[in-house]
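Trainee: Please work out how this folds:
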Amino acid sequence: MSIDADQIVERRRLRRKVTFWRTLGILAVVAAVAVGAATVAGRSIPVGSPHVARVMIGGLIRNDRERVEMLEEIGRSRARAVILSIDSPGGTVTGSEQLYDALRRLAAKKPVVAVVEGVAASGAYIAALGADHVIARRNALVGSVGVIYQFPNFTELLKTVGVTMEDIKSSPLKASPNPYTPTTPEARAAVDSLVKDSYAWFRGLVGERRKLSDPLLATVSDGRVFTGHQGLELQLVDELGDERTARAWLAREKGVPEDLKVRTWRSGQVGDEFGWLLGAARGVVSALGFPQAAAFLTQAAHGALERTQLDGLLALWHPRVDG
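Mentor: Below is the predicted model:
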């Protein structure tokens, strides 16, 4: 007895739906376990118990009120010391300034030591300057002392399509530079003054916090990055090592027991630690034949990326790619 074609299609559709919900359930369990593991790892030590606080500085640095509030909470907690674990190319000048100021207020209450795990460039190095002691791995990257302002200019592109942008302004420098018209010398000079002013602040901060002579300050503030080994010779870092080196320094210089437990503090914002999970879920859902659900996940990811967009003056290191 043959089975009707409609029944076959319906059964296949039903199997796909069941498979989809099973897969979604498995991904939800995986996500819950991952988040739970991170929570246990970071919060297993009671807030009221003496401990060493670990703060992760990663990704692009921008204004983050929740992180400032977290640092203030650490200052009120029973943490005996703070370890900054840094791996960041920098970010906005104002965001880096905000983080530096919060770290200096925290350092007035508890000893703070920075450990450069991978990169502490530009704005991330500003954050490292907020610590009492800077440690870097031998081949970590530090420095990139400088400020950059970037903006696209579509003037030539518009010419090729026959489009001209016109504007009526109250003054010549209003809304300048404009990406749709050639940058005037006056507009370029105005932006240049902004960059130089922020750079002077950054450069002065490095000289003050690292107690550098003028010749040495000139060497380290030309925008280059240095390895941790080079940075030690240039006085950008105090020691080579890792978190164990930081614990030894805290014990030796601040009397913080090395056997004291470490607690990782996290702000309320969700980071990108589990971005891989979103990507995997999106791929599985799409493969199962549910493009609408996959599109929803893609939109969620796009929204997360939009929140990391930077504008304004940047203290950010990014290697130049020619070709």
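
Trainee: Run through the neighbouring helices and strands of the lengthiest strand in the chain.
Mentor: Identified as the longest strand of the chain according to DSSP state E is strand 79-92. Strand 79-92 sits against strand 51-61, helix 93-107, strand 112-121, helix 123-129, helix 243-254, strand 314-316, with contacts defined as 3 or more C-beta pairs under 8 Å, 6 or more residues apart in numbering; DSSP states H and E. No exception for glycine: its C-beta is placed from N, CA and C like everyone else's.

Trainee: Same list (these) but as CSV, adding distance to residue 177 and mean pLDDT.
Mentor: CSV is the format used below for those (distance: least, C-beta to C-beta, whole Å; pLDDT from 0 to 100):
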stretch, distance to residue 177, mean pLDDT
strand 51-61, 23, 96
helix 93-107, 18, 97
strand 112-121, 26, 97
helix 123-129, 23, 98
helix 243-254, 44, 98
strand 314-316, 15, 65
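
Trainee: now the strands: where do they sit in the stretch 201-323 of the chain?
Mentor: For the stretch 201-323 of the chain, the strands defined by DSSP state E, counting those that start in this stretch cover 225-227, 239-240, 262-265, 314-316.

Trainee: List the buried residues of the third one.
Mentor: Going by neighbour count (16 or more other C-beta atoms under 10 Å), the buried part of strand 262-265 is 263-265.

Trainee: ok, of these, which one's closest to residue 136?
Mentor: Using C-beta to C-beta, residue 264 comes nearest to residue 136 of these, at 20.1 Å.

Trainee: For that closest one, list each beta-bridge partner.
Mentor: Taking DSSP bridges, one finds residue 54 as the beta-bridge partners of residue 264.

Trainee: wouldn't it be in contact with residue 52 here?
Mentor: No. Counting by C-beta atoms under 8 Å, residue 52 is not a contact partner of residue 264; they are 10.1 Å apart.

Trainee: contacting residues for residue 53?
Mentor: Residues near residue 53 by C-beta atoms under 8 Å, 6 or more residues apart in numbering: 74, 77, 79, 81-83, 110, 262-263, 265.

Trainee: care to break the chain down by domain?
Mentor: Structurally, the chain divides into domains by automatic domain parsing as follows: 1-44+277-311, 45-144+224-269, 152-212.

Trainee: And those domains: which comes nearest residue 218?
Mentor: domain 152-212 (9.1 Å).

Trainee: What sits closest to residue 173 if chain neighbours are left out?
Mentor: residue 190 (5.5 Å; C-beta to C-beta, 6 or more residues apart in numbering).

Trainee: Am I right that that neighbour is in a helix?
Mentor: Yes. Under DSSP: H, G, I helix; E, B strand; the rest coil, residue 190 falls within a helix.

Trainee: Now render the domains of the chain as JSON lines, adding distance to residue 218.
Mentor: Shown next, in JSON lines, are these (distance: least, C-beta to C-beta, whole Å):
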{"stretch": "domain 1-44+277-311", "distance to residue 218": "28"}
{"stretch": "domain 45-144+224-269", "distance to residue 218": "11"}
{"stretch": "domain 152-212", "distance to residue 218": "9"}
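
Trainee: okay, those domains, which one's buried deepest?
Mentor: domain 45-144+224-269 (a mean of 20; mean count of other C-beta atoms under 10 Å).

Trainee: how about the helices and strands packed on strand 79-92, which one is nearest residue 161?
Mentor: So among those, strand 314-316 is nearest, using C-beta to C-beta, at 30.0 Å.

Trainee: got the contact list for the closest residue in space to residue 80 that isn't next to it in sequence?
Mentor: Excluding its sequence neighbours, the residue lying closest to residue 80 (C-beta to C-beta, 6+ apart) is residue 256, at 4.9 Å. Contact analysis of residue 256 by C-beta under 8 Å, 6+ apart lists 52, 80-81, 111, 247, 250.

Trainee: again with residue 173
Mentor: 186-187, 190 are the contacts of residue 173 under C-beta under 8 Å, 6+ apart.

Trainee: Good, wrapping up.
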